[in-house]
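# Quick one, structure for this:
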Amino acid sequence: MINEFYREMTGRESVIRQFFDYSRKRAAELGPDSVLNFSIGNPSVPAPDSATEAMQTLLREMDPIALHGYSPTLGQPSTKAAIAESLNKRFGMNYGPEHIFPTSGAAGALSHALRAVTKPGDTVITFAPYFPEYIPYVTGTGAKLSVVPADIDSFQINFEKLEELFAPEVSAVLINSPNNPSGIVYTTATIQKLAELLTRKQEEYGHEIFLITDEPYREIVFKGTDSPFVSSYYDNSICCYSFSKSLSLPGERIGYLAVNPKAKDAELIVPMCGQISRFTGHNCPSSLMQLAIEPVLYTTSDLSVYETNAALLYEALTEIGYTVVKPGGTFYMFPRSPIADANEFCWTAAKELGLIIVPGDSFECPGHFRISYCVPTEQIEKAIPLFEKLYRRFS
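Numbering: from 1, shown residues only. Model (predicted):
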C-alpha cells in the first residue's frame, strides 16, 4: 500500500509552480512574447568563468578514479577546510573543518540542521513571510512549525508576537536573511535583540535554543544595507548556505552547514549529520562540485543586475502607487496588492496581461505578491506599463 501522507501531498501543488506552469502553457499557445515571467527565483546571470574553469580543470587534470570516487561521509576534507578558512577571514569566526558539513544546497543543510537540534513534538519558530518549503522541512522531522506574523511595514522581526509564541517546547528558531520573498535584510539591531531574547529564553527554560540561519542570498546585498553575519551574534547557531545564487549554480546542488564553534555540543553536530544522512539518503553532494568550489569561495557571479533591477522596479512601482518595503538584497520584491485578494490580483495579471507574479498567501502574508526580478533589465522595462495598467484596473 502506498503512503497516504505523500499521496495527499501530490494534490497540493506549489502556488509558485502553478503560476510558472501557466506561464509555460500560455507561451506555448500564444508565443513567448505573450508572457513576462516573474515567478521563479532562477538566477539570470551566468556562473563566473572561474567556476566553470575550476570544473574543467578538475575533469581534465585530476585522476578520474579519485575525482569521481565516493566522498567521505562528512565531506571532502580539503573543501571543509577551505570553507572554514573563508568564513573565518570574512567574518572573524573560528570555524574548523570539523564544523563544516557539505550538503546538496541550502535545502540539504536545513534538513540536516533541523534534525540535529529537534525531536518529534518540539516547536520551531519562523517568521512570515517565509519560504513555503519550511513546512515540509520542519514537519518532516516530527516537529511543529510556529509562525510569527509579519510586520508588514518593515518586515523586520515582530518581537511582541515572537514573545507570545515562545514556550518550553521551542528548540529552534529559523530565520532567512536576506529574505525570500520580501528582499529585506535583518539589521544588526534586529539580530542583537533576537540573540538577547534567545539567550534569556534558554536560561528560562533550561535548555538550548538553536538559531538556524538560511542564507542562500548572503552575497546579494545592496549598497548601504546593514547585513550582519548572524552567527557572530549568537553561540548556538547553525548557518545553512548555498552557492546556487552567489555563483549561479542552482542545478549543481552544492552548499554547506556551518556549526558555530561556540555552540553547545558543536563537535558532535557534524558527525550527527553524517548519521542523519543515513535516514534521508543524502550521501553528500558530488565530489566534483565539492572540489570545484574551493578556488571560487571568494568569487561571485556579476550580481549587479539585481540591484539595478531592484532600483528601477521600486521607483516605478512606488510612483504608480503600490506600497512596497524597499528590499535590501536578494532578487525579490514583495509589494502590497491594491486589493485584499492577492490571488485574484495575480491571476488577473497572468490571464489578462501575461504578467506572471505570485500571491503572498503561500508565504503566509496575504494581501501581498512576490516579484522575482532575476531577469534581464529589458524585461523590467517592458513590465512597468503592465504593472501600471494592473494597478489602475483595481483602483
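
# Where does pLDDT dip in the stretch 1-150 of the chain?
Of all residues in the stretch 1-150 of the chain, none has pLDDT under 70.

# got the residue ranges for the strands in it?
For the stretch 1-150 of the chain, strands defined by DSSP state E, counting those that start in this stretch occupy the ranges 36-37, 100-103, 123-127, 144-148.

# do the same with the stretch 251-395 of the chain
Going by DSSP E, counting those that start in this stretch, the stretch 251-395 of the chain shows strands at 255-259, 332-333, 355-356, 358-359, 369-372.

# wait, what's in contact with the nearest residue to H368 once chain neighbours are set aside?
Nearest residue to H368 in three dimensions, chain neighbours excluded: G360, at 3.4 Å (Cβ to Cβ, 6 or more residues apart in numbering). For glycine as for every other residue, the C-beta is placed from the backbone atoms N, C-alpha and C. Applying Cβ atoms under 8 Å, 6 or more residues apart in numbering to G360 gives the contacts P129, P181, F334, S337, A342, P366, G367, H368, F369, R370.

# For E160, which of the strands of the stretch 1-150 of the chain is the nearest?
strand 144-148 (9.4 Å; Cβ to Cβ).

# what packs against whichever helix or strand comes after the closest one?
Scanning forward in sequence from strand 144-148 by DSSP states H and E, the next helix or strand is helix 159-165. Helices and strands touching helix 159-165, by 3 or more Cβ pairs under 8 Å, 6 or more residues apart in numbering; DSSP states H and E, are strand 123-127, strand 144-148, helix 188-205.

# repeat that for 7 Å
Counting contacts by 3 or more Cβ pairs under 7 Å, 6 or more residues apart in numbering; DSSP states H and E, helix 159-165 packs against strand 144-148.

# Check which helices and strands the strand it packs on sits against.
Applying 3+ Cβ pairs under 7 Å, 6+ apart, we find strand 144-148 packed against strand 123-127, helix 134-139, helix 159-165.

# And the ones you listed: which comes nearest T52?
helix 134-139 (30.8 Å).

# what's the spacing between T213 and L174?
8 Å (Cβ to Cβ, to the nearest Å).

# N260 versus the residue nearest to H368, what's the distance?
With Cβ to Cβ as the criterion, G360 and N260 are 32 Å apart.

# same check, this time on P385
48 Å.

# Show me which of these two is the more surrounded one.
The neighbour count for P385 versus N260, taken as other Cβ atoms under 10 Å, is higher for N260 (24 against 12).

# Now the more buried one. Nearest residue, chain neighbours left out?
S237 (4.5 Å).

# Let me see the contact set for the one you found.
F210, L211, T213, V230, S231, N260, A263 (Cβ atoms under 7 Å, 6 or more residues apart in numbering).

# try 8 Å
By Cβ under 8 Å, 6+ apart, the neighbours of S237 are F210, L211, I212, T213, V230, S231, N260, A263.

# do the same with V270
So, once contact is read as Cβ under 8 Å, 6+ apart, V270 ends up touching L74, E98, H99, I100, F101, L257, V259.
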